[in-house]
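Novice: This is a predicted model, with the sequence first.
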Amino acid sequence: MGETRLPRHMFLWSMAIIYMFAFASLYVQIPGLYGNEGVLPVRLVEPRVDGSRPVLEQIHAHPSLLWLGPRLGLDLDAQQAMELLCLAGALLALGAALLEPLRDSLVFFCLWALYLSLCQVGQDFLRFQWDSLLLEAGFLTVLVAPLNLLRWRSAFRQHDAVTFWLVRWLLFRLTFGSGVAKLASHCPSWWGLTAVNHMFEAQGIPLPWSWFIQQLPDWYLKLGTVGLLVTEIAVPPLYFAPIRSLRLAAFYIQVCVWLHQQLLNMTFTQQQFGNWLKLVTGPTIWVGVLSLTWEVVAAIINLPNWSVGVTIGLVVSTVYKILSDWSWCCPRPQVPYSSMEQVYSSKILPEVRQAYSLVERYRLVSAYSLDSRMTGVDGRSEVVLEGSMDKNTWTEIEFMYKPGNVGMAPPVVAPHQPRLDWQMSQAAQGLAEQSPWFTSLVHCLLQGNKDVVRLIQTDSAQYPFSQAPPVYLRASLYKYWFTQTAQDGSGPKEWWRRGYSEEFYPAVQLGGLTLEGMLSQHGLKEKFPIQPSPDSPLAQALRQVRDHVQTLPGHLVLWSLLATVATIWLLKTLLSGVLGGRKAKPTPAEPKAKKAKDQPAAKNASASSLKAERENSEESRRDADKSPKKRK
């Protein structure tokens, strides 16, 4: 129990920080993404209130808190309701990050419920793997965190062993599943050990140091590919080792991997390695399941009453996901990694499927296959938007974060997550018809929607159509590559080089047949008139907060939040040191050796004083006997 106390504290604090950034990052993007005139207005998909149905039944059918607003008497529109949920989540997470008593199971349940409510209506922009991971890890945090707020005490309560083992199990599924997916996809980049050569160039939003990593020698990048596969496939089983030193070794190996140069010369074929992988992964999976089951049985008597059913259901749903995602490890034809074929799903026990269906809508368990297939091998695909007033002269529209201008250095945006820029990079991997939201984006830009424009550029001087919206818009597909190091060793003058690939979206205009047809095809035509924004005190307060935030880029808002947290932590540390120094401290005990030496002296001094007093009293008595009165 004792060895997991510090990891639990670190896990809870980290989850509070992650929640804070997630809510704050989404908040700054709500008007452009989900506003009444945004790319995907939430008012068109928000759950409708049905007064004839019980509350619990509606929550189970559509787990979102947005539709509870009217029941609670909140006079807010759909956009303001989302903003309220984001602000509440960010403030609650901030409190949990700064105050240990707030890292409570009840607080983390509220954070999980708030984020789940947003994901239920988030559509394409809230369906990334990290959103699913945050929901799953967030629910595990509810089980791991102490339940102290309802007990009216702040002492950290030790938990049973099984809850934190669920966290280890999630980490295992995330890393091991991603590694297996890379090889199961038969991607030539992973099998040829060249994936890292393209990874930093093809990542969603490259970072400034991505360019420098790309300049490293090929043998070093191949070594990095091997190290990545080793850390994702060979190391995760050590999470379940019965020896603590092995578990610590797994952690340190994940952080830093060194592999002998001779491993680069291994020449396994895909079939040979696939047979070996099937031989190893099957026992590994079941060893993990048995290890987790043992922990459940060993600790079941210590489980809190409120978490028994939830924990067992979560374990069952996890096993179902394992069976569906890793069925390729069994001796049967290979199936897609992230989904389960109907013929194999039918062989799973109906009770297991039923248990999983009960928690599926809450996104408690998800499949992860990070970078299973390496994109951008032949160049990074990017969509470039262009606007025109006369259909003759076209001007590019630069985004704040995604690659566009070849002379612009990749920005540092973390911990902010610009979802439109990320989706633009994802849309470049397919056709425009596969991204219906892109038609809505074009429509909003042609209308000159300021909230959507702020997603692209918060500085109006950087947006070429800030004075008047473009009359025509089109999109082209380009291939981007990092430039090479200059011969004199100087920094890059241009970070990218690019070449035209093909047309991505035809030139359209407002009211044109092409645009109107695409809006109708994707169900984006306006069906409900926009209602006036409420004018309640809460709505006015939300508008005032929005007015202070909307002029700043998203990454600056989150950096300011990060600086605030760091400053508060620093002040707490300094004040605790100052106040601790001012407290009245007891006189320090003297050294034992000194005490031992001083004690005999003190005894001798007291004995001498008593002897002197006796001598004085005797002399006084003699004097009294010699006095004349006494003789008479």
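Specialist: Now that the structure is in, tell me what you want to look at. Residues are numbered from 1 along each chain as shown.
Novice: all strands of the protein, in order?
Specialist: Assigned by DSSP state E, the chain shows strands spanning 380-388, 395-396, 472-482, 496-508.
Novice: hang on, A475 packs against A507?
Specialist: No: the criterion here is C-beta atoms under 8 Å, and A475 misses it with A507 at 9.2 Å. C-betas here are computed from N, CA, C, even on glycine.
Novice: Neighbour count: those two, which is higher?
Specialist: More crowded of A475 and A507, by other C-beta atoms under 10 Å: A475, with 22 against 17.
Novice: dump the residue contacts of the more buried one.
Specialist: A475 makes contact with 383-386, 432, 438, 442, 503-505 under the criterion C-beta atoms under 8 Å, 6 or more residues apart in numbering.
Novice: and of those residues, the nearest to P492?
Specialist: Ranked by distance to P492 (C-beta to C-beta), those are led by V384 at 20.3 Å.
Novice: For that closest one, name its beta-bridge partners.
Specialist: S476 (DSSP bridges).
Novice: Could you report the neighbour count for it?
Specialist: 24.
Novice: gap between it and D124?
Specialist: Per C-beta to C-beta, to the nearest Å, V384 is found 20 Å from D124.
Novice: Check L441 too.
Specialist: 11 Å.
Novice: who's more crowded, those two?
Specialist: Comparing L441 with D124 by other C-beta under 10 Å, the one with more neighbours is L441, at 27 against 17.
Novice: Quick check: which ranges of this structure have low pLDDT?
Specialist: 1-6, 47-53, 55, 151-161, 254-349, 351-352, 489-491, 526-529, 580-632 (pLDDT under 70).
Novice: Break it into its domains for me.
Specialist: What the TED database lists as the domains of the chain is 159-377, 380-510.
Novice: now the strands of the chain as TSV including distance to R168?
Specialist: Converted to TSV, these look like this (distance: least, C-beta to C-beta, whole Å):
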stretch	distance to R168
strand 380-388	36
strand 395-396	48
strand 472-482	37
strand 496-508	41
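Novice: so which of those gets nearest L579?
Specialist: It's strand 472-482; of the strands of the chain, that one is closest to L579 (C-beta to C-beta) at 52.7 Å.
Novice: quick revisit: so which of the contacts of A475 comes closest to S105?
Specialist: Closest to S105, out of all of the contacts of A475 and judged by C-beta to C-beta, is F438, at 41.4 Å.
Novice: tally of neighbours for the closest one?
Specialist: F438: 24 neighbours (other C-beta under 10 Å).
Novice: Quick one: residues contacting V167.
Specialist: V167 neighbours (C-beta under 8 Å, 6+ apart): 11, 137, 140, 144.
Novice: The same query, at a cut-off of 7 Å, please.
Specialist: V167 sits next to 11, 140, 144 when contact means C-beta atoms under 7 Å, 6 or more residues apart in numbering.
Novice: Q417 against F23, yeah?
Specialist: No: taking C-beta atoms under 7 Å as the definition, Q417 is not a contact partner of F23, at 11.3 Å.
Novice: quick one: the helices in the stretch 101-250 of the chain?
Specialist: 105-121, 129-144, 161-184, 188-191, 195-202, 208-214, 218-229, 244-255 (DSSP state H, counting those that start in this stretch).
Novice: Please enumerate the helices of the stretch 451-600 of the chain.
Specialist: Going by DSSP H, counting those that start in this stretch, the stretch 451-600 of the chain shows helices at 513-521, 537-549, 554-582, 592-626.
Novice: Same check on the stretch 301-450 of the chain?
Specialist: Going by DSSP H, counting those that start in this stretch, the stretch 301-450 of the chain shows helices at 308-325, 342-345, 350-360, 419-427, 436-447, 450-456.
Novice: residues in contact with the last one?
Specialist: Which is helix 450-456. 29, 31-32, 35, 37-39, 397, 399-400, 420, 441, 444-445, 463, 550.
Novice: Most neighbours out of the residues you listed, which is it?
Specialist: The residue in these with the most neighbours, by other C-beta under 10 Å, is V39 (29 neighbours).
Novice: Can you add distance to A16 and give the domains of the chain back as a markdown table?
Specialist: Below are the domains of the chain laid out as a markdown table (distance: least, C-beta to C-beta, whole Å):
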| stretch | distance to A16 |
| --- | --- |
| domain 159-377 | 15 |
| domain 380-510 | 13 |
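Novice: Those: which one's closest to P54?
Specialist: Judged by C-beta to C-beta, the one of the domains of the chain that comes nearest to P54 is domain 159-377, at 17.3 Å.
Novice: so V144 makes contact with R8?
Specialist: Yes: with contact defined as C-beta under 7 Å, V144 reaches R8; the gap is 6.1 Å.
Novice: re earlier: now the contacts of V167 in TSV, with neighbour count and distance to P470?
Specialist: Compiled in TSV, the contacts of V167 are given as follows (neighbours: other C-beta atoms under 10 Å; distance: C-beta to C-beta, whole Å):
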residue	neighbour count	distance to P470
F11	19	49
L140	23	47
V144	23	51
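Novice: Just name the closest of those residues to D459, please.
Specialist: F11 (38.9 Å).
Novice: Wait, the closest one touches V144, no?
Specialist: Yes: if you go by C-beta under 7 Å, F11 and V144 touch, sitting 6.5 Å apart.
Novice: Could you tell me how many residues sit around the residue nearest to Q417 when sequence neighbours are not counted?
Specialist: The spatial neighbour of Q417 that comes closest, neighbours along the chain excluded (C-beta to C-beta, 6 or more residues apart in numbering), is S25 at 4.9 Å. By other C-beta under 10 Å, the residues close to S25 number 23.
Novice: what sits against S25?
Specialist: Applying C-beta under 7 Å, 6+ apart, the residues near S25 are 416-417, 554, 558.
Novice: Serialize the contacts of V167 to CSV and add fields for distance to V235.
Specialist: Shown next, in CSV, are those (distance: C-beta to C-beta, whole Å):
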residue, distance to V235
F11, 19
L140, 21
V144, 23
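Novice: From the residues you listed, pick the one nearest A90.
Specialist: Relative to A90, and with distances defined as C-beta to C-beta, the nearest of those is F11, at 19.9 Å.
Novice: Could you pull up the residues touching the closest one?
Specialist: Contacts of F11 (C-beta under 7 Å, 6+ apart): 144, 167.
Novice: One more: L228?
Specialist: L228 neighbours (C-beta under 7 Å, 6+ apart): V196.
Novice: ok, 10 Å please
Specialist: Applying C-beta atoms under 10 Å, 6 or more residues apart in numbering, we find L228 in contact with 178-179, 182, 190, 193, 195-196, 199, 257, 371.
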